[in-house]
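> Got a predicted structure plus its sequence, pasted below:
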Amino acid sequence: MSYTRDIGEISARYRRTGEVEQSTVNARTVGRYVATGEMTNGQFGMFEWEMRPGAGARTGHFHKTFSESFYVTSGSVSLFNGETWITATKGDFFYVPQGGIHAYHNDSGSPSSMLVLFAPGAPREGYFRELARISSEGLELSEDEWTQLWGRHDQYRA
């Protein structure tokens, strides 16, 4: 039990859609940081991903400090479970515990979208802000630079 008082409190938080920060990565993905770990007192983070065809990454990776869940809200998304690729469609759910190898990519030829949930609320928006900056500035990173960037954000190649 994390709440020990005998009476409730006024503590709910609300954000209008226009208040939600977003980043565009490689002109193919718009990530909206619907609920950051900061907003949820570190309990979880939830992002909305809108992906054009070809968006995402095929590089299998894992995280040490948080789980990641994917809920497809439109179209289809290819999800990697560490062994094989699965085609997930609207309404499908995919859970990856800490240490679980995964990746995602939009192979469908049509736009798709999904909600991505991180628990606990790791500050993942920092990672995606960096990716957006790299993309917008047309930078090309070396393997060592990618490894450093991933390491700063609890992301490791499988």
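Received it, and whenever you're ready, just let me know what you need.
> Give me the average confidence score over stretch 141-148.
Computed over stretch 141-148, the mean pLDDT rounds to 94.
> how about the strands of the protein, start to end?
Using DSSP state E, the strands of the chain run over 22-25, 29-35, 45-51, 56-62, 67-74, 76-80, 85-89, 93-96, 102-105, 112-119, 156-157.
> what separates the closest residue to Phe44 other than its chain neighbours from Pro97, distance-wise?
The shortest distance from Phe44 to any non-neighbouring residue, by CB to CB, 6 or more residues apart in numbering, is to Ala119 (4.4 Å). Yep, even glycine has a C-beta here, placed from its N, CA and C like the rest. Ala119 sits at a distance of 10 Å from Pro97 (criterion: CB to CB, to the nearest Å).
> Looking at these two now, which is surrounded by more residues?
Ala119 (18 against 13; other CB atoms under 10 Å).
> Name the residue closest to the centre of the protein, please.
Within the chain, the residue whose C-alpha comes closest to the C-alpha centroid is Val116; the distance, by CA atoms, centre = their mean, is 4.9 Å.
> nearest spatial neighbour of it, skipping sequence neighbours?
Once flanking residues are discounted, Val116 sits nearest to Phe47: 4.7 Å by CB to CB, 6+ apart.
> ok, back up a step: tell me which of the strands of the chain approaches Glu9 most closely.
The closest approach between Glu9 and any of the strands of the chain, judged by CB to CB, belongs to strand 29-35 at 19.2 Å.
> Quick one: closest of the strands of the chain to Ile7.
Ile7 lies closest, by CB to CB, to one member of the strands of the chain: strand 29-35, at 25.4 Å.
> Could you check the angle the helix of greatest length in the chain makes with strand 45-51?
What stands out as the longest helix in the chain, according to DSSP state H, is helix 125-136. Taking axes from the mean of the first three to the mean of the last three CA atoms, to 10 degrees, helix 125-136 and strand 45-51 form an angle of 30 degrees between their directions.
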